[in-house]
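Colleague: Everything below, folded, please.
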Amino acid sequence: MNLVILLLAAGSSERYKVNKFDKPKQLESINRKTIIEICLENLIMLNLNSKILTVASKSTFNNTKLICEKLNVLPPIIGGNTRQDSVKKGLNYLDKFNPKRIIIHDVARPYINKHVIDDLIKNLKGSISCVVPYLNVSDSLAKVEKNNKLKRVDKNKFYLIQTPQICKFEDLKYVHDNNN
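Modeller: Coordinates of the predicted model:
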């Protein structure tokens, strides 16, 4: 298999819950479809000829499993306590397919741009292990010093990292397996 997709949907939606919503963001509906369903449908429509694995939380696992069955993608797995743990669990599961590349995406961004995916795939070549889209920082940045005073930071030295991201599977798995 040349490519697999790992959809991260195990987050606890803590920032979302601050607004008093009664369910996790990935199970909220837009036009009678959950956000996770919209995201999976959009990944399927990319026609990448790839397996799609969703990493879900314990609390959303049963709903996610039904959605994955309906859309005929791999059954979900339960994620870890952190994003890194969830990625590692996904890598371990997907390893049996012996993929060359992996796209990692998160359910919070259900509308996937085909041009971004094509650019990611096109730019993952040679010795490059991972390609990530990013945005320049447009706002001013500051950090809090020890004396609780703000110090201005050069925003040109920072980028906002986005998903989807693409990596050589073997390289990413090696990093996760060897990170303590």
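Colleague: all helices for this protein, in order.
Modeller: With DSSP state H as the criterion, the chain has helices at 14-17, 35-45, 61-71, 83-94, 114-123, 169-177.
Colleague: Stretch 153-166 spans what distance, first to last residue?
Modeller: Distances were taken as Cα to Cα, to the nearest Å; on that basis the terminal residues of stretch 153-166 are 29 Å apart.
Colleague: And it, what's buried?
Modeller: 163-166 (16 or more other Cβ atoms under 10 Å). Backbone N, C-alpha and C define where each C-beta goes, glycine included.
Colleague: In contact with Lys143: list those residues for me.
Modeller: Taking Cβ atoms under 8 Å, 6 or more residues apart in numbering as the criterion, Lys143 is in contact with 150-151, 153.
Colleague: for the residue sitting furthest away from the middle of the chain, phi and psi?
Modeller: Note on the chain: the largest C-alpha distance from the chain mean falls to Asn147, namely 36.7 Å (Cα atoms, centre = their mean). The phi/psi pair for Asn147 (degrees, to the nearest 10) reads phi -90, psi 20.
Colleague: rewinding a little: export the helices of the chain to JSON lines and tack on mean pLDDT?
Modeller: Formatted as JSON lines, the helices of the chain follow (pLDDT from 0 to 100):
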{"stretch": "helix 14-17", "mean pLDDT": "49"}
{"stretch": "helix 35-45", "mean pLDDT": "95"}
{"stretch": "helix 61-71", "mean pLDDT": "96"}
{"stretch": "helix 83-94", "mean pLDDT": "96"}
{"stretch": "helix 114-123", "mean pLDDT": "94"}
{"stretch": "helix 169-177", "mean pLDDT": "95"}
